[in-house]
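Participant: Okay, sequence plus prediction incoming.
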Amino acid sequence: MKLSRRTVTVTTIAGAAAFATIVSGCSATSGEAASADNPTELTVTTFGTFGYDDLYAEYEEANPGITIKATNIDTGGNARTDVFTKLAAGDGLSDVVAIEEGWLGAIMEVSDQFVDLNEYGAADVKDNWVPWKYEQGTDAEGRVIGYGTDIGPQGLCYNGKLFEAAGLPSDRDAVAELFGGDDATWETYFELGNQYKDATGKAWFDQSSFVWNSMVNQLDEGYYTADGELNVEGNPELEERWALINQGISDGLSAKQARWDWGGGKAFVDGSFATFVCPGWMLGTIKGSLESGGGDASTGWDFADVFPGGASNWGGAFLSVPTTSKHPEEAAALATWLTAPEQQVKQSAAAGNFPSTIEAQETLAAEATPNELFNGAPTGAILASRAEGVVAQFKGPDDSVIQENVFQAVLDRIEAGELNAQTGWDEAQKLIGELLG
Amino acid sequence: MSVLTSPPELSDPPATRPMQPPARRQRSMFRQRLSRLDVKASPYLYIAPFFVLFALIGLFPLIYTFIVSLFDWHLLKGQGDFVGPGNFIAVLGDRFFWNSLFNTFSIFILSSVPQLVAAVAIAAILDQNIRGKTFWRMSILLPYIVTPVAVSLIFTNMFNEQYGLINNILGAIGLDPVMWKTETLPSHIAIATMVNWRWTGYNALILLAAMQAVPRDIHESAALDGAGAIRRFFTMTIPSIRPTMIFVIITATIGGLQIFTEPRLFDPVTAGGSARQFQTTVLYLWEMAFFRQDFGEASAIAWLLFLIIVAIAIVNFFISNRIASAEARVSARRTTRQLRRLHAFNGQQTDAAAPGSLEIDSLAVGAINASSIDASSLPGDSAPTNSRSITDEETGR
């Protein structure tokens, strides 16, 4: 009962007068530009590891009168709930909101709830981004509702020390070669996994749903066709990959860890698994996990310029300005600044993620700054190499439901031994019918 | 009459107070009316704030939710077509709804029953004369002060399958780890543990307050008559705290059926486990509204849950009423039986030894009235044999 209250209606009735005062009070100031005499507070909501903290301070310094109040939500999934709840309530969204690629499809259904950034000079900065990223943030009517922050080209994280102990090469070029270089396949990945398992008795990857996400994300068309049709049942590409991942689970290659928790990061430290699928932004997640789990650079994690099945993009985010913002102009200016190439380079240095603007990508590739935590791997340059050939996959309105409530849930149950490859696949079809109905 | 009660000049007001202006009379009439209004309307005004607030934050959402439940209502896109009972039919035909109800009741029973038993026991202990009363009473309330989110985080960590404290201890003493999050029953037990930890002390304090209100002299006289502590607890304390018990049971029911935070945070990345093994109805409602974005069906779930809670509360009320009054009935039956035994006993006694029988009779009846003690404590050597023969006779009938 409590949850289904429509806050907007209650607010309107409970405090119509107060509400009117607030609205008129704010509209009086919104015409003037922010300055030291006319301070404006901008709220920003991000998620995961965004690496914006220093940039906020820099922006505040360069723009007197602007103060930034930032909120960071732990995972993209929780950020999604936050955004949806506040959209439904019609109130409470920040001036700048980070949106994740996985649920961008659902946001596009209500794109009119977001400010068209064309009104604030989107055309001037359009060429900054890789074209597909800019297009992803544009709705069917050509309104630009999100500026790309980062993209998620995937490389392979591996633990060099564990590889060595299992008699595998640990040098990152040799590892890239081992997995097949440009022709790396999932078959090789699982073969090596079995080899590792035989040598050490330990698991190969943390849990199967991330591997599955990567497999699906690198297809030209994932859970939806490019036309927006559901594309799961009778999809041979998905079925083929499903068989592979299930073979991997039954071979005992999964450490069956709790995703986004990994035993408070301990699983990254205690050698529970040796490989990890790594989109750029995941490097920041691993950093956080290593810190909370008591690990550091000596734990042995490294980053190789290779990915099974070829180029893959998982995730990446956008900055949007909801129409409820009281300061759309200032908010759009902040979003433009934060996503500009120069700032994206700094963001990448802070969070380890990979920028979506061409100039920033080139800078990272040229600088090739070693990442201490990952055994000195030039993660930015490697990601730039991994980004080659990445294409945006169309994300349908229920993409994140299919990913999280259907396939991740079923894979968990397969790992727990409740289902097998066939019953799991059937259950997934059934769930799609029920949950999307 | 008027001559007797009032002086003549008062019986004729215009003559004595001819100067009183009509305005004042009107005002006094107005005052009278006002005071009559005050008497009639004021009580309602005094209680109005609650009802106005209730209408605003209780009744209005209730009705609004019902209206939403009759439409196709998308979380983000808003109101759609009118579907009548369509959402209710869809929910009732959804296996996850029934699954969530099963989970809710399972967790509810696993939490409420041990919780109430423990609360009554703790309250009874605190009701005794112990040292440091206030310290103990404050201590049992401590868990209640901690926010449920913090409780959930700590317990979730402890129940972690691979790294948790509990499985580590189990492993250390050579037992297999329990799959607290994957399997249905262990996950219910884990969640019920969080609920119990938080609410037992709170309920114990409420019950303790009720126990304190039981008159001490009844206890004392029963103790003098030889009733033990346990006997007094069951025949006197429990029936005396009946209204409080009903209150505690009903609030526990409402709280138990609305459980959300604990299962939500027990596995933060799924809505109640990958196989929905601990998805409660409110969690299912939440998933429907904010994940699957179907506000219409979510509202239907909310209403069904509301009806279920009302139904359970009514059932609860009757059951707890019966439990407490059954105790009274049993003791009444016991008293009549003992009285009949006594009469038979006296009848035999009058033949043998007439003197003294009256004295025994009055003593025994007095004792029964005070504490409804059983036959074994009746005076007289021949009482046990006599009573047995009568009991046999009774069962024979």
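Facilitator: In hand now; what should we look at? Numbering: from 1, shown residues only, chains lettered A, B, ... in the order given.
Participant: What ranges does the stretch 251-397 of chain B have for its helices?
Facilitator: Counting by DSSP state H, counting those that start in this stretch, the stretch 251-397 of chain B has these helices, from start to end: B:261-266, B:281-286, B:295-352, B:357-371, B:383-396.
Participant: distance between the second one and the chain's centre?
Facilitator: Read that as helix B:281-286. 24 Å (CA atoms, centre = their mean, to the nearest Å).
Participant: so where do the strands sit in the stretch 301-437 of chain A?
Facilitator: In order along the chain, the stretch 301-437 of chain A carries the following strands (DSSP state E, counting those that start in this stretch): A:301-304, A:313-320, A:354-355.
Participant: Please identify the deepest-packed of these.
Facilitator: Stretch with highest mean neighbour count among the strands of the stretch 301-437 of chain A: strand A:354-355 (a mean of 32; mean count of other CB atoms under 10 Å in any protein chain shown). (Each C-beta comes from the backbone N, C-alpha and C, glycine too.)
Participant: Kindly state which of the strands of the stretch 301-437 of chain A is positioned closest to A:Gly152.
Facilitator: Between A:Gly152 and those, the shortest separation by CB to CB is 3.9 Å, and it involves strand A:313-320.
Participant: For that closest one, give the mean pLDDT please.
Facilitator: Mean pLDDT, taken over the full extent of strand A:313-320, equals 93.
Participant: Quickly check: it near chain B or not.
Facilitator: No. With CB under 8 Å from any CB of the partner chain as the criterion, chain B is not reached by strand A:313-320; the gap is at least 13.8 Å.
Participant: partners of the lengthiest strand in chain A in the sheet?
Facilitator: Of all segments of type strand in chain A, defined using DSSP state E, the longest is strand A:147-159. Taking DSSP bridges as the criterion, strand A:147-159 sits next to strand A:273-279 (antiparallel), strand A:301-304 (antiparallel), strand A:313-320 (antiparallel), strand A:354-355 (antiparallel) in its sheet.
Participant: What residues of the helix or strand following that strand count as buried?
Facilitator: Moving toward the C-terminus from strand A:147-159, the next helix or strand (DSSP states H and E) is helix A:160-165. When neighbours are counted by 16 or more other CB atoms under 10 Å in any protein chain shown, the buried residues of helix A:160-165 are found to be A:Gly160, A:Lys161, A:Leu162, A:Phe163, A:Ala165.
Participant: Send me helix A:160-165 as CSV with only the CA atoms.
Facilitator: Output for helix A:160-165, consisting of C-alpha atoms alone and laid out as CSV, is shown next (Å, rounded to 0.1, in the frame of the first residue of the first chain):
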residue,chain,number,x,y,z
GLY,A,160,48.9,-13.2,-13.4
LYS,A,161,50.0,-15.0,-10.2
LEU,A,162,47.3,-17.6,-10.5
PHE,A,163,48.1,-18.1,-14.2
GLU,A,164,51.7,-18.7,-13.3
ALA,A,165,50.8,-21.1,-10.6
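Participant: Counting by contacts, list what that helix packs against.
Facilitator: Using 3 or more CB pairs under 8 Å, 6 or more residues apart in numbering or on different chains; DSSP states H and E as the contact test, the elements touching helix A:160-165 are helix A:186-200.
Participant: next structured bit after the helix it packs on?
Facilitator: Downstream of helix A:186-200, the first helix or strand assigned by DSSP H and E is strand A:203-205.
Participant: interface residues of the stretch 301-437 of chain A facing chain B?
Facilitator: A:Val401, A:Glu404, A:Asn405, A:Gln408, A:Ala409, A:Val410, A:Asp412, A:Arg413, A:Ala416, A:Glu418, A:Glu434, A:Leu435.
Participant: what angle separates the longest strand of chain A from helix A:186-200?
Facilitator: Computed by axes from the mean of the first three to the mean of the last three CA atoms, to 10 degrees, the angle separating strand A:147-159 from helix A:186-200 equals 40 degrees.
Participant: Can you list the buried residues in strand A:147-159?
Facilitator: A:147-159.
Participant: before we move on, what about stretch A:127-144?
Facilitator: Neighbour-count burial for stretch A:127-144, with 16+ other CB under 10 Å as criterion, is recorded at A:Asn128, A:Trp129, A:Val130, A:Lys133, A:Tyr134, A:Gln136, A:Gly137, A:Thr138, A:Asp139, A:Arg143, A:Val144.
Participant: Other residues contacting that stretch?
Facilitator: Stretch A:127-144 is touched from outside by A:101, A:104, A:108, A:111-112, A:114, A:116-118, A:122, A:126, A:145-148, A:151, A:316, A:318, A:339-341, A:356-359, A:361, A:387, A:391-392, with contacts defined as CB atoms under 8 Å, 6 or more residues apart in numbering or on different chains.
Participant: per-domain residue ranges of the chain.
Facilitator: Picked chain A for this. Listed domain ranges for chain A are A:37-151+A:315-366, A:153-312+A:394-435 (source: automatic domain parsing).
Participant: Wait, chain B was what I had in mind.
Facilitator: If you go by automatic domain parsing, chain B breaks into B:23-55, B:96-335.
Participant: Can I get the ones you listed in JSON lines including distance to chain A, mean neighbour count and mean pLDDT?
Facilitator: Shown next, in JSON lines, are the domains of chain B (distance: least, CB to the nearest CB, whole Å; neighbours: other CB atoms under 10 Å in any protein chain shown; pLDDT from 0 to 100):
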{"stretch": "domain B:23-55", "distance to chain A": "10", "mean neighbour count": "10", "mean pLDDT": "86"}
{"stretch": "domain B:96-335", "distance to chain A": "3", "mean neighbour count": "18", "mean pLDDT": "88"}
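Participant: Nearest to A:Pro328 among those domains would be which one?
Facilitator: With distances scored as CB to CB, the stretch of the domains of chain B nearest to A:Pro328 is domain B:96-335 (25.6 Å).
Participant: Give me the distance from the closest one to the chain's centre.
Facilitator: Between the centre of domain B:96-335 and the centre of its chain there are 11 Å (CA atoms, centre = their mean).
Participant: got any ranges where the stretch 1-150 of chain A has weak pLDDT?
Facilitator: Flagging of the stretch 1-150 of chain A using pLDDT under 70 yields the residue ranges A:1-36.
Participant: Now do the helices in it.
Facilitator: Per DSSP H, counting those that start in this stretch, the stretch 1-150 of chain A carries helices over the ranges A:7-14, A:16-30, A:53-62, A:76-89, A:104-108, A:122-125, A:131-136.
Participant: Can you give me the separation between the residue nearest the centre of chain A and A:Gly77?
Facilitator: Using CA atoms, centre = their mean, the residue of chain A that lies closest to the mean C-alpha position is A:Gly315, 3.6 Å off. Here the distance between A:Gly315 and A:Gly77 works out to 11 Å (CB to CB, to the nearest Å).
Participant: same thing with B:Phe30?
Facilitator: Separation of B:Phe30 from A:Gly77 (CB to CB) stands at 67 Å.
Participant: ditto for B:Ser187
Facilitator: In this structure, B:Ser187 and A:Gly77 are separated by 20 Å, where distance is defined by CB to CB.
Participant: next one: A:Tyr56
Facilitator: Between A:Tyr56 and A:Gly77 the computed distance is 24 Å (CB to CB).
Participant: who's more crowded, these two?
Facilitator: A:Gly77 (22 against 18; other CB atoms under 10 Å in any protein chain shown).
Participant: coming back round to it: just the buried members of the residues of the stretch 301-437 of chain A next to chain B?
Facilitator: Listed as buried from these are A:Val401, A:Glu404, A:Asn405, A:Gln408, A:Ala409, A:Val410, A:Asp412, A:Arg413, A:Ala416, A:Glu418, A:Leu435; burial here means 16+ other CB under 10 Å.
Participant: Help me confirm that the second one comes into contact with A:Gly77.
Facilitator: Yes. Using CB atoms under 8 Å, A:Glu404 makes contact with A:Gly77 at a distance of 6.5 Å.
Participant: Need the residues touching each of the two.
Facilitator: With contacts taken as CB under 8 Å, 6+ apart, A:Glu404 and A:Gly77 have B:Val269 as neighbours in common.
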